[in-house]
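Q: how would this look folded up:
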Amino acid sequence: MFDSDTRTVGELEEQIGAFEDPPVETVDDDERARLVDALVALADAYGSRGEFDEEETMLERLDRLHQEHPDADVDIHLAIARANATAVHDRDGVYETGIDPGRIESHREEIETLYAERPEPTIAAPLARATAGTIHAYGKAEEPERIEPLLDRLEALYENHEETDVAAAVMRGYAHAERYLGGDDTDFLSRAETLYSSHPDGDVAVGLAGVLAGRTNTDAAQEDVESIERRIARIETLAQQYPAVEAEIVRWLPIAAANVTRISFELADYGRIEHWAGKTNEYHERLDTPTSATWAAVATFYSARASLYDAEVEAGEEKLERLRALEAEYDNPIFEHWLGRCLFDAVRANVETARAERAQELADELAEYAVGHQDQEQIEAGLDTLRSQAPTIFGDEEPTLGDDLDDPVKTSATGGSVSDPATNGGSTGDGPELSRLDERATVEGSQELSEAIDLLDDGGHEGGSCSSGGCESCNSEQDLAEPASGPAIVAGVVVAATVFLSVAYAGYRLVKLGASAVRNS
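A: Numbering: from 1, shown residues only. Below you'll find the predicted structure:
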């Protein structure tokens, strides 16, 4: 890449244009070298802006120069330029909403042809970099079956050229393989540690950080929070150890931090949720890339959901506003997905705490937001269920006095608070509190709402699902599983007298108390 090249596209175009007259054929070796340098830089500049046709035009000019001057080492520069064209992370903004792995693969194949003609380290290094980039592209495009063969080629290149720059590319290949193939029988982390021990170099450390971050997906599936935290600490240590590539190493941290935020939510570990959601947002503020923003949105969503499930409505809505800001800034449907779900949770939380006016306001907003939304069907089903469960909140039915419903929770007819043993009598907001939790009754009484929530939680969005393998069709670069739903995080609504009381967060509290008991035993 040409990060240190300060020439603008206009300056490069002017410089290249100067070689049109006199004809290129008449220039001397020094002038040709300057032309080649400008063509490589301009090709990369075009590609970084997503102007791929213009990029290809520059590459074709380089190829013609190589054919006309086969002994001028133009092939080395052409290989570098095509390797630049396979970059994925460095073109984060360009690939925010889609990627064409076939185009990237074609650049890799062209370098492979150059390498067949000249199997030397000068061509092997850009070929290795292009192969790692192609692996990344196939991972983002949700074509993981194409990764293993390319990884084999990478390792074969390293066997022939045990150079540090080739090792760095192999390590990045491992990083992407760990993210998109992790969880199978292949231990990419073990391979990476062995490679790093042979090449303790900053560029190799960048890839090792990626492998460590990718491994947190497996840790999260095993609910191994401590392992994720240890890997984060290791990545931070690597960043301190190699300041020249610190930014490249740190870019992997949001993945791991978002993972620990999500799994902490599933374990109902509120302190960890808040800590790691905050850290994920800090990492994003430092990196400020579309990918880091995606992870910040994931962590913010789970943090907001924890607050809203715990009846901390104001805190939850503050986090909702952060999601609004992210969704407004980035042209990526995954942000709409998280925002839509968080709005739903906010409506539900306001219903649960009897904030009728705010619940109606948010419900109206969500209904409008759902039109044309990727999760429209799920959102509307959830809203319909909330309205049917809470007619007095939404003004569909006059409140009536009566006995407690199945007596899962007793409430005061005057709306007074009742002690909640799960929170030691603490207030849950404007509404009444749980006096006694019967989990069986809660689950049975909330089945309809739970099913609607499950639809929203499990429903994919156009172009791909948010599974543990990634959400790359919408370029979230997400490697997180969806949150638990159903009995693990139950949702329920009980209407009694003039007071509407929901225990949607009751399951969350049960898990929270259980996890706390285990930790304290």
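Q: could you pull out the helices in the stretch 101-250 of the chain for me?
A: With helices called from DSSP state H, counting those that start in this stretch, the stretch 101-250 of the chain shows them at 101-117, 121-140, 147-160, 164-181, 188-198, 202-221, 225-241, 246-250.
Q: and the pLDDT for Gly445?
A: Looking at Gly445, its pLDDT reads 32.
Q: ah, wrong one, I meant Leu320
A: 97.
Q: likewise the one 3 residues further on?
A: With respect to pLDDT, Leu323 has a value of 95.
Q: and Glu352, by the same measure?
A: At Glu352, pLDDT is 89.
Q: gap between Gly340 and Ile263?
A: The spacing between Gly340 and Ile263, counted by Cβ to Cβ, to the nearest Å, is 23 Å. Using the backbone N, CA and C atoms, a C-beta is placed for each residue, glycine as well.
Q: and of the helices of the stretch 101-250 of the chain, who's closest to Asp384?
A: Set against Asp384 and scored by Cβ to Cβ, those come closest in helix 202-221, at 32.8 Å.
Q: buried sites along that closest one?
A: 202-220 (16 or more other Cβ atoms under 10 Å).
Q: cool, and stretch 355-370?
A: Under the neighbour-count criterion of 16+ other Cβ under 10 Å, stretch 355-370 has Arg355, Ala356, Arg358, Ala359, Gln360, Leu362, Ala363, Leu366, Ala367, Tyr369, Ala370 buried.
Q: also stretch 317-328?
A: Glu317, Lys319, Leu320, Arg322, Leu323, Leu326, Glu327.
Q: with stretch 83-101 instead?
A: Of the residues in stretch 83-101, 83-92, 94-97, 99, 101 count as buried by neighbour count, 16+ other Cβ under 10 Å.
Q: with stretch 174-181 instead?
A: Here stretch 174-181 shows Tyr174, Ala175, His176, Ala177, Glu178, Arg179, Tyr180, Leu181 as buried, counting by 16+ other Cβ under 10 Å.
Q: try stretch 33-52
A: Residues 35-48 are the ones in stretch 33-52 that count as buried (16+ other Cβ under 10 Å).
Q: just stretch 302-315 next, same as before
A: 302-313, 315.
Q: so of these, which ones are in helices?
A: Residues of these located in helices (DSSP state H): Tyr302, Ser303, Ala304, Arg305, Ala306, Ser307, Leu308, Tyr309, Val313, Ala315.
Q: now render these as CSV, adding pLDDT and distance to Glu105.
A: Formatted as CSV, those follow (pLDDT from 0 to 100; distance: Cβ to Cβ, whole Å):
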residue, pLDDT, distance to Glu105
Tyr302, 97, 35
Ser303, 97, 39
Ala304, 97, 39
Arg305, 96, 39
Ala306, 96, 42
Ser307, 96, 44
Leu308, 95, 44
Tyr309, 93, 44
Val313, 96, 49
Ala315, 97, 47
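Q: what is the nearest of these to Val347?
A: Taking Cβ to Cβ as the measure, Val347 lies nearest Leu308 of those, at 9.5 Å.
Q: tell me the contacts of that closest one?
A: Contact analysis of Leu308 by Cβ atoms under 8 Å, 6 or more residues apart in numbering lists Gly316, Asp345, Ala346, Arg348, Ala349, Tyr505.
Q: picking up where we left off before, quick one: which of the helices of the stretch 101-250 of the chain is nearest Ala258?
A: Between Ala258 and these, the tightest spacing by Cβ to Cβ is seen for helix 202-221, at 9.0 Å.
Q: so how far is the closest one from its chain's centroid?
A: Here helix 202-221 is found 14 Å from its chain centre; the criterion is Cα atoms, centre = their mean, to the nearest Å.
Q: what do you get for stretch 96-108?
A: For stretch 96-108, the distance to the chain centre is 19 Å (Cα atoms, centre = their mean).
Q: average pLDDT across it?
A: Averaging pLDDT residue by residue across stretch 96-108 gives 93.
Q: now it - C-alpha only, PDB.
A: Provided in PDB are the C-alpha atoms of stretch 96-108 (Å, rounded to 0.1, in the frame of the first residue of the first chain):
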ATOM      1  CA  GLU A  96     -19.100  -1.500   3.600                       C
ATOM      2  CA  THR A  97     -22.100  -2.900   1.800                       C
ATOM      3  CA  GLY A  98     -20.800  -5.500  -0.600                       C
ATOM      4  CA  ILE A  99     -17.700  -7.300  -2.000                       C
ATOM      5  CA  ASP A 100     -16.900  -9.100  -5.300                       C
ATOM      6  CA  PRO A 101     -14.500 -11.900  -4.400                       C
ATOM      7  CA  GLY A 102     -14.300 -13.000  -8.000                       C
ATOM      8  CA  ARG A 103     -12.600  -9.700  -9.000                       C
ATOM      9  CA  ILE A 104     -10.200 -10.000  -6.100                       C
ATOM     10  CA  GLU A 105      -9.500 -13.700  -7.000                       C
ATOM     11  CA  SER A 106      -8.700 -12.600 -10.600                       C
ATOM     12  CA  HIS A 107      -6.000 -10.300  -9.400                       C
ATOM     13  CA  ARG A 108      -4.500 -13.100  -7.300                       C
END
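Q: contacting residues for the residue lying closest to Glu163 once chain neighbours are set aside?
A: Setting aside the residues directly before and after it, Glu163 is nearest to Pro121 in space (Cβ to Cβ, 6 or more residues apart in numbering), at 5.3 Å. Listed by Cβ under 8 Å, 6+ apart, the contact partners of Pro121 are His161, Glu163, Val166.
Q: Pro121 and Glu336: what is the separation?
A: When distance is defined by Cβ to Cβ, Pro121 is 46 Å away from Glu336.
Q: kindly report the same for Asp224.
A: 31 Å.
Q: neighbour-wise, which of the two wins?
A: Remark: of Asp224 and Glu336, Glu336 carries more neighbours, 19 against 16, as counted by other Cβ atoms under 10 Å.
Q: who are the packing partners of the helix or strand harbouring the more buried one?
A: Glu336 belongs to helix 333-352 when elements are defined using DSSP states H and E. If you count contacts as 3 or more Cβ pairs under 8 Å, 6 or more residues apart in numbering; DSSP states H and E, helix 333-352 packs onto helix 290-309, helix 313-329, helix 356-370, helix 376-389, helix 447-458, strand 499-502.
Q: with distance to Gly133 added, can I get those in TSV?
A: Shown next, in TSV, are the helices and strands packed on helix 333-352 (distance: least, Cβ to Cβ, whole Å):
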stretch	distance to Gly133
helix 290-309	15
helix 313-329	26
helix 356-370	37
helix 376-389	36
helix 447-458	33
strand 499-502	49
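Q: does Pro391 belong to a helix, a strand or coil?
A: On the three-state scheme (DSSP: H, G, I helix; E, B strand; the rest coil), Pro391 is labelled coil.
Q: what's the neighbour count on it?
A: 14.
Q: where does the protein have low pLDDT?
A: Scanning the chain with the threshold set as pLDDT under 70 gives 1-4, 20-27, 183-186, 396-521.
Q: can I assume Glu96 sits in a strand?
A: No: Glu96: not assigned to a strand; according to three-state DSSP it is coil.
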